[in-house]
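Model the following, please.
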Amino acid sequence: MDAGRDPRPAGAGRGSRLTNAGNGSGSKDAAGSTGAGNGPGQRNHRRTILVTSLGSLAGGLTLWATDPGSFAGLPTGFWAMAVLALVVDARPYLIPGRRASAVILPSICFTFAILLAWGSPPALAVQLLAVTVAGVRMHHSLRRTLHLALQHTVALGAAAAVAAIADLRIGPNPGWQDAALTCAAAAAWIAARYAIAALVHRWTADAPKRPRRRRGHADLLATASLLLLSPVMLVAAQVSPALLPLALLALHAVHRMVRWAGESERAARFDPLTGLANRRSLQAAMAERAGDRRRALLLLDLDRFRTVNDALGHGAGDRLLIRVADRLTAAVPGHDLVVRLGGDEFAVLATRVDGPACARRIAQHLAEALSRPFPLDGTPVELSASIGIALQAGRRDGSTLLREAEAAMYEAKQRGDQIAVHGPDAAHHSPERLALLADLRTALRQDSPDDGIVLYYQPQIAIATGEVVGVEALLRWRHPERGTVGPEELLRAAEPTPVMRLLTARVLEEVIAQLAKWREQGRPLRAAVNVSARDLHAGDIADRVAALLHRYNVPSDLLQLEITESALMADPHRVLDTTTRLNRMGVAISLDDFGTGYSSLQHLRRLPLSEVKIDRSFVLGMASDRGDAAIVRSVVGLAEALGLRAVAEGVEDEATWRLLAAAGCHTAQGWFHARPMPAAELAEWLGRYRPFRPRKIDSGQADKPSNNEGAGWPPSPAKR
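As a prediction, the model looks like this:
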């Protein structure tokens, strides 16, 4: 067990931020100290044992002094049941949850039986001693032990009142009336305990009362089972005390039921690796008091975590995730919720946030907590996290809050910042954008050929030979009400959200299926598909591509994926890992929009690239701007030196095409050659197309008319 791990059962406190006040278990506190040896935690625990033991003894003596007749002449069956009550409470039943009733003492089976046969004073005396045993066993604080004792005292009092009113005493031969009255006394016991637990919680809680979650009633079922087993125990004890040990088998069955319920609860609401609350718990927590404007959701994605898995193995990665969970838990106050969403993503639901500045301070505190090295197998591991923040505003549901936090987190990655806040002025937060995104998500999840997603293909021409060497797949969406939605608007809405992965999966399948058709028709073409930063960060795109290529029997060299430099800046290590896997499969990688924003020669040197695409903003101005022309020539020369293809986008006139030929550019793409078109129109265009080569010219002749008109070339845009 790690020094920083909480010794409580998984789900009982650490992951869900549910703590037992004054728990003297020696768990690690925020400062990293542990109670060991003769430290304060150990001394507090000894004091708790001493005080509760003396209190229980004093309570028993008081009961004996108040009603000594109740203790006179108690039979062997009583003493056997009293001893068993103390023995079984050495292993109390625990059910994850905030309620005090989540602790079930199996001794109630025996103390309730003692109440039914020999009255409340002996039952209460045994119960107090059993509570002491359970409190010591569970390392409860004095306050929590007293709380538990109060619950059981009131519960036994309520059951005793029902028994007194009905003059109930269970003998060796109970009848139907005795059974009915026993059920009534058990109901009073349960109602009283739940009532006193709720009252104490209301008086002592330091936070406003929250609605109780809808959850299983395993604690209620287990309590009722133990109480109704009491008359069976009692009859067995009155017949022969030797039969009582046989009842332990029934208690074991109840214990297994409670344990199964606890495991089911943990599996449903808690992460099995770290013990933190999971996504389902987060959704439930966000559903409570959804209109609370003082809440914020912070989504953390660990940077470069994949390198730890690759370098040290997945076992070390799991241990690192556990340490990250401990570090976050220690940094977050008890009224907030720490969650592991999956993989290397964590979340914090902060409940006392006064605006964006306060949320940023919380995020900065978490970032600083994670910035300290993590010792792992003798190696200090440095980690950082990209944090996206979404503030609660109005009665938005939890799914919306989570999407906004995720969008902010990806925005932080793309900007190279560590923290980003999703605000109401964000571009992707407009009502029109959200409505468009919702419609797109619905269309993609219908899995219908009529979802409106359409792919256009723009030819890519080898400048030296005039041959069509490939196409680029370009996305369009025919919205049922808004008409055709262009790729820029569509991608701006989808890329910051999980919808982007659905969209990429849809496009990849259609493109690879189209490649298979062209191959069957004897016209194999290479198709380029743009993939987003989100796809590359997910890591499973290589597996998805491999599965699709295998399903449609398409060679991997017919598929090319285009990535942008902004995706590299978000998480270069993860992108390098993904692109390397794709390259080993034979899928070519193209660096799109080179020369804009984040250009770095490191990318050309380290990534397994096949080509570089020169951004259209430079190509469009080649014929009129010497600076643009110089940049294009430099990129072409650099690509040639590195053994990469150079592809020019935005070739829209003959002068630019001829300048590119003079510069030695390999491939051209633009309206000068062909517009983007659906697959059916592309087949017709290919049937009409006749390739030709540009004659060799120098750059000073680029603006002279060409003699290539009538050579089968499509007319230039100026003549369309």
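
So what does the residue nearest to residue 92 when sequence neighbours are not counted look like in phi/psi?
Among residues not flanking residue 92 along the chain, residue 134 sits closest, at 4.7 Å (C-beta to C-beta, 6 or more residues apart in numbering). Just so you know, the C-beta spots here come from the backbone N, C-alpha and C atoms, and that holds for glycine as well. As for residue 134, its main-chain torsions (degrees, to the nearest 10) stand at phi -70, psi -40.

Look up how far residue 145 lies from residue 134.
Separation of residue 134 from residue 145 (C-beta to C-beta, to the nearest Å) stands at 8 Å.

if we can go back for a sec, which residues are in contact with the residue nearest to residue 92?
Residues in contact with residue 134 (C-beta atoms under 8 Å, 6 or more residues apart in numbering) are 89-90, 92, 103, 105, 107, 140, 148.

next structured bit after the lengthiest strand in the chain?
For the chain, the strand that runs over the most residues, judged by DSSP state E, is strand 468-479. Once the chain leaves strand 468-479, the next helix or strand it forms, by DSSP states H and E, is strand 483-485.

mind listing what's buried in that following strand?
Neighbour counts over strand 483-485 (16 or more other C-beta atoms under 10 Å) mark residue 485 as buried.

strand partners of that strand, parallel vs antiparallel please.
When pairing is defined by DSSP bridges, strand 483-485 lines up against strand 468-479 (antiparallel).

Off-centre distance for the strand it pairs with?
34 Å (C-alpha atoms, centre = their mean, to the nearest Å).

How about stretch 161-170?
With C-alpha atoms, centre = their mean, you get 54 Å for stretch 161-170.

Where in the chain is the helix or strand with the lowest mean pLDDT?
Lowest on mean pLDDT, DSSP states H and E among the helices and strands of the chain sits helix 40-66, with a mean of 56.

For residue 649, give me its contacts.
The contact partners of residue 649, taken as C-beta under 8 Å, 6+ apart, are 613-616, 619, 669-670.

so can I have TSV of these showing secondary structure?
Formatted as TSV, those follow (DSSP: H, G, I helix; E, B strand; the rest coil):
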residue	secondary structure
613	strand
614	strand
615	coil
616	helix
619	helix
669	strand
670	coil
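
So which of these is the closest to residue 529?
If you rank those by distance to residue 529 using C-beta to C-beta, residue 613 comes first, at 13.0 Å.

Checking residue 549 next. Helix, strand or coil?
The assignment at residue 549 comes out as helix when based on three-state DSSP.

Spatially, which residue comes closest to it, not counting chain neighbours?
residue 556 (5.6 Å).

separation between the one you found and residue 512?
Per C-beta to C-beta, residue 556 is found 10 Å from residue 512.

cool, residue 442 as well?
24 Å.

For these two, indicate the residue with more neighbours.
Taking neighbours as other C-beta atoms under 10 Å, residue 442 and residue 512 compare with residue 512 leading, 22 against 10.

excluding its backbone neighbours, what's nearest the more buried one?
Nearest to residue 512 is residue 548, by C-beta to C-beta, 6+ apart, at 4.7 Å.

thought the one you found was touching residue 508?
Yes: judged on C-beta atoms under 8 Å, residue 548 makes contact with residue 508 at a distance of 6.0 Å.

and those two? which has more neighbours close in?
Using other C-beta under 10 Å as the criterion, residue 548 and residue 508 rank with residue 508 on top: 22 against 19.

Hmm, the more buried one is touching residue 543, no?
No: using C-beta under 8 Å, residue 508 makes no contact with residue 543, being 11.8 Å away.

Which residues are in contact with residue 153?
Listed by C-beta under 8 Å, 6+ apart, the contact partners of residue 153 are 124, 127-128.

Just confirm it is within a strand.
No: Residue 153 is assigned helix when assessed by three-state DSSP, not a strand.

State the pLDDT value of it.
Per-residue pLDDT puts residue 153 at 86.

Over to residue 99?
Note for residue 99: predicted pLDDT of 46.

cool, residue 457 as well?
With respect to pLDDT, residue 457 scores 95.

Leaving out chain neighbours, which residue sits closest to it?
Excluding its sequence neighbours, the residue lying closest to residue 457 (C-beta to C-beta, 6+ apart) is residue 471, at 4.1 Å.

separation between residue 465 and residue 661?
Computed as C-beta to C-beta, the residue 465 to residue 661 distance reads 11 Å.
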